[in-house]
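1. Quick one, structure for this:
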Amino acid sequence: NRGITLIVDDSQLFTFGLNAGHLGHLKGNDLYIQQPLLVTKFNSQSEHVQKLVCNDYTIICYTNKGDIYVLNDYKYRKIVKHVLNVTEIAVVGGKLESNGILDEENIDDDLKVFYVQSKKLYLYHERESTNNRAKLCLWTTKQRLTIEQIVAGTNAVIFSTNTGQVYTASLDKLSNINKKIEHDSSSNLIYDERAYQYLTPSPIPLLHRCRALTTDRTGRSLAALQYHPTTHLIAYPRQPESNFHENLLDLFNEAEHMHDIILEINNNQTFPAHKYILSMRSSYFRELLYKKQIDKLIIINNTNTLINPEIFQLILEYIYTDKCPWLHFIRKIKTRNEHEYEIYLAQMKNIDDDIDDHRYFARIRQQSTLNTGNHHHHHQKHGTKSKKKKKPDLSNEFMIEQQSEEELNNGLEHLIELAKLFQLHNLRKRLETIKQSRQKNSNILDESIGEIKQRYYYTREALTDLHDVTIISEDGKKISCHKCILTCRLDYFRSMFLADWMESQNNSELKMALPSDLLEIVIDYLYTDTIYNK
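-> As a prediction, the model looks like this:
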């Protein structure tokens, strides 16, 4: 505060500065005290300062005994006694010594001390106090406010609550309800139960998450320090991962229930699919399907050879999901090999229960290139003749790695061949890169080579000839769409088209009670997985 400095060190109070009766020191010849002086009242082990507040005219001290003192008029006075567990104190008013230098600073306001005890607010008003009793402050509104911090000015008291909201209550016209009673000076009551101070709290708009408050001497201007908006968040909002391509994979796996084209290979193997998805991803399919009323397409390889159905299905999955078929193919071979190894171990356990699976399996793999007859003769030499079953020939069992390597190379060639056939240029380039990498070192698999880093999305404005449903908004605007996208992306349309709702039977137009601007945003999101502002 202006003109004075207060220091609390090891529960001792030191003050210096302008000495106008409110520093707790005797009156001297000098108007200013140049160095810190100890306030002797609180220089004892039995009583020391716990809280300290002040304004330009008064210093308020709260001690460990629960007493509140005011330093004024070159002395200290106990204004409230035996109030324990006080959490907040605010002071307004007071009066400095009258002299020519300080007359302009004096406002001659009544001393008012607010303090919070047990989540209740009390007011000590010097002019109306009786026997050092304070009034309990009550709200004129039906609110339960838990005060965290409080500051006061001549015109208002301002406080923040445990929710971070800030309120102000005017002090211009204090409404007092006092009943004439005879006070008993020996009473232990802290406040007069029949004397209250009513205040009307008004929230300060747009001020939230308050952690610290201060105000000027009038109480009409304030400054507040706020917590960061994320300070008290327990669960941070986060955008969920996209499930766009998982939805399309479900569409592909369940194409048997809803499709508009049948793909046939090898004269007898069929795959249900969707014209819009195929045409958007492949120039080959777009030339054959767009603006043509067909429901079956026979696919013939350029070399007139049979198409591996497993490889063909992997290519279709890539068209739907953008996931590299090479990685799927590798995992499939690896899973199959692990399964075969487990079967082999089970067979070995049936022959000899004493075999250590891991050590024996590792040793057999190392010897897989050796002559099987030598291995079999070695086992017979050290084994028993009578009760042991004859072990199976292991030459085929442990050629798995060599067979897998050949199968992987053939599968990669087939994938590249089909990528060229269907004009999937990005996939073909990626697969050729994988092929070159494997030629250098086939034992090293860098999965990052096969990852698709840029995902593909759709648009409802493309391939308008393949629109098969029209949605009408509540304002009459028609929006044409593709059933396959709507079905896989939203359960509402999935149930409508697959469960034969009445709205979708024998009618390509659907009415929805949504405005057109909102409906377009929702439908475009289903296609692009992104929200665009119209």
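2. can I get the CA coordinates of stretch 150-165 in PDB?
-> Taking Å, rounded to 0.1, in the frame of the first residue of the first chain, the C-alpha atoms of stretch 150-165 are listed here in PDB:
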ATOM      1  CA  ILE A 150     -12.400 -11.400  -0.600                       C
ATOM      2  CA  VAL A 151     -11.400  -7.800  -1.200                       C
ATOM      3  CA  ALA A 152     -13.300  -4.600  -0.200                       C
ATOM      4  CA  GLY A 153     -13.600  -0.900  -1.200                       C
ATOM      5  CA  THR A 154     -15.600   1.900   0.100                       C
ATOM      6  CA  ASN A 155     -18.500   1.200  -2.200                       C
ATOM      7  CA  ALA A 156     -18.400  -2.600  -2.600                       C
ATOM      8  CA  VAL A 157     -17.100  -5.900  -1.400                       C
ATOM      9  CA  ILE A 158     -15.800  -8.300  -4.100                       C
ATOM     10  CA  PHE A 159     -15.200 -12.000  -3.600                       C
ATOM     11  CA  SER A 160     -14.600 -15.100  -5.600                       C
ATOM     12  CA  THR A 161     -16.200 -18.500  -4.900                       C
ATOM     13  CA  ASN A 162     -14.900 -22.000  -5.000                       C
ATOM     14  CA  THR A 163     -16.300 -22.400  -8.500                       C
ATOM     15  CA  GLY A 164     -14.100 -19.500  -9.800                       C
ATOM     16  CA  GLN A 165     -17.100 -17.100 -10.200                       C
END
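3. Give me the buried stretch members for it, please.
-> Across stretch 150-165, burial judged by 16 or more other CB atoms under 10 Å covers 150-161, 164-165. The way it works is simple: take the backbone N, C-alpha and C, and place the C-beta from them, glycine included.
4. will you turn those into JSON lines that also has secondary structure?
-> Shown next, in JSON lines, are the buried residues of stretch 150-165 (DSSP: H, G, I helix; E, B strand; the rest coil):
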{"residue": "Ile150", "secondary structure": "strand"}
{"residue": "Val151", "secondary structure": "strand"}
{"residue": "Ala152", "secondary structure": "strand"}
{"residue": "Gly153", "secondary structure": "coil"}
{"residue": "Thr154", "secondary structure": "coil"}
{"residue": "Asn155", "secondary structure": "coil"}
{"residue": "Ala156", "secondary structure": "strand"}
{"residue": "Val157", "secondary structure": "strand"}
{"residue": "Ile158", "secondary structure": "strand"}
{"residue": "Phe159", "secondary structure": "strand"}
{"residue": "Ser160", "secondary structure": "strand"}
{"residue": "Thr161", "secondary structure": "strand"}
{"residue": "Gly164", "secondary structure": "coil"}
{"residue": "Gln165", "secondary structure": "coil"}
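5. Just flag the most distant two among those.
-> Thr154 and Gly164 (26.1 Å; CB to CB).
6. Which parts of the stretch 1-150 of the chain are strands?
-> Taking DSSP state E, counting those that start in this stretch as the test, the strands found in the stretch 1-150 of the chain are 4-9, 12-18, 32-38, 49-54, 59-63, 68-72, 75-80, 86-94, 109-117, 120-125, 134-139, 147-152.
7. rewinding a little: kindly reformat the buried residues of stretch 150-165 as JSON lines containing pLDDT and distance to Glu287.
-> Shown next, in JSON lines, are the buried residues of stretch 150-165 (pLDDT from 0 to 100; distance: CB to CB, whole Å):
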{"residue": "Ile150", "pLDDT": "94", "distance to Glu287": "78"}
{"residue": "Val151", "pLDDT": "94", "distance to Glu287": "78"}
{"residue": "Ala152", "pLDDT": "92", "distance to Glu287": "82"}
{"residue": "Gly153", "pLDDT": "89", "distance to Glu287": "81"}
{"residue": "Thr154", "pLDDT": "87", "distance to Glu287": "86"}
{"residue": "Asn155", "pLDDT": "89", "distance to Glu287": "82"}
{"residue": "Ala156", "pLDDT": "92", "distance to Glu287": "79"}
{"residue": "Val157", "pLDDT": "94", "distance to Glu287": "80"}
{"residue": "Ile158", "pLDDT": "95", "distance to Glu287": "75"}
{"residue": "Phe159", "pLDDT": "95", "distance to Glu287": "75"}
{"residue": "Ser160", "pLDDT": "94", "distance to Glu287": "70"}
{"residue": "Thr161", "pLDDT": "93", "distance to Glu287": "70"}
{"residue": "Gly164", "pLDDT": "90", "distance to Glu287": "64"}
{"residue": "Gln165", "pLDDT": "92", "distance to Glu287": "66"}
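8. from the residues you listed, which is closest to Leu306?
-> Leu306 lies nearest to Gly164 out of those, by CB to CB, at 71.9 Å.
9. Hmm, the closest one is touching Ile204, no?
-> No. Using CB atoms under 8 Å, Gly164 makes no contact with Ile204, being 11.5 Å away.
10. Residues that sit against both of the two, list them.
-> When CB atoms under 8 Å, 6 or more residues apart in numbering defines a contact, no residue borders Gly164 and Ile204 alike.
11. In a markdown table, list the strands of the stretch 1-150 of the chain along with distance to Leu518.
-> Below are the strands of the stretch 1-150 of the chain laid out as a markdown table (distance: least, CB to CB, whole Å):
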| stretch | distance to Leu518 |
| --- | --- |
| strand 4-9 | 61 |
| strand 12-18 | 66 |
| strand 32-38 | 69 |
| strand 49-54 | 55 |
| strand 59-63 | 59 |
| strand 68-72 | 61 |
| strand 75-80 | 62 |
| strand 86-94 | 49 |
| strand 109-117 | 49 |
| strand 120-125 | 49 |
| strand 134-139 | 43 |
| strand 147-152 | 42 |
